[in-house]
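Chemist: Here is my input, please return the structure:
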Amino acid sequence: MADWHRFLKAMNLAVELEFDLAELYEDTVRQAQLDNLQNDTLCAAIIEWACKLSTDSWEGTPAELLTKLALTSVVGQGYVPDFPKNATALGRRLNGVEASLAQQGVRIERTRGKERKITIKLSDEFQRSASSSQNDDIDGGSDLQLI
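Modeler: Coordinates of the predicted model:
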């Protein structure tokens, strides 16, 4: 990846393009990752729910998060076989998607005290792209593109 990035930077200098090839490549990779996440019911529900948050973070128990996610349009359409059935299953599924969601600007932190807590923090880029995609939906719709 580092060699490819270096190659794209060199191509930019050699060809004198008006745009940055490396930046374009990174955006394309990030969008492909988002497309993959949208195919996973849990990730799609988290992204949809996070887009509607009024603050840049949320904290609650796994059971509370599961309840919030169940209200999204992704899950609210009826029985979804691959959606976690309980808070324990949600915790296990989050292990596998944390890194991918972090690439999109949704950071998941877990703490254990008297009870387990999940904190979801949204990056500034995620919030800007989420609010612009909501405006696009109001104006006629476009696909969601994060960071």
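Chemist: mind checking the SS state of Lys117?
Modeler: With DSSP: H, G, I helix; E, B strand; the rest coil as the basis, Lys117 sits in strand.
Chemist: Tell me what it is bridged to.
Modeler: Lys117 forms beta bridges with Thr111, as assigned by DSSP bridges.
Chemist: Now do the contacts for it.
Modeler: Neighbouring residues of Lys117 by Cβ atoms under 8 Å, 6 or more residues apart in numbering: 59-61, 110-111. In short, each C-beta sits where N, CA and C put it, glycine included.
Chemist: Against Glu23, how distant is it?
Modeler: 36 Å (Cβ to Cβ, to the nearest Å).
Chemist: hmm, which of the contacts of Lys117 are the buried ones?
Modeler: Buried residues within the contacts of Lys117, defined by neighbour count using 16 or more other Cβ atoms under 10 Å: none.
Chemist: Distance from the chain centre to stretch 47-58, please.
Modeler: 10 Å (Cα atoms, centre = their mean, to the nearest Å).
Chemist: can you give me the mean pLDDT across it?
Modeler: Mean per-residue pLDDT for stretch 47-58: 90.
Chemist: And stretch 13-25, by the same measure?
Modeler: Stretch 13-25 comes out at a mean pLDDT of 83.
Chemist: Quick check: closest non-adjacent residue to Gly91.
Modeler: Leaving aside its sequence neighbours, Gly91 sits nearest to Pro62 (Cβ to Cβ, 6 or more residues apart in numbering; 5.4 Å).
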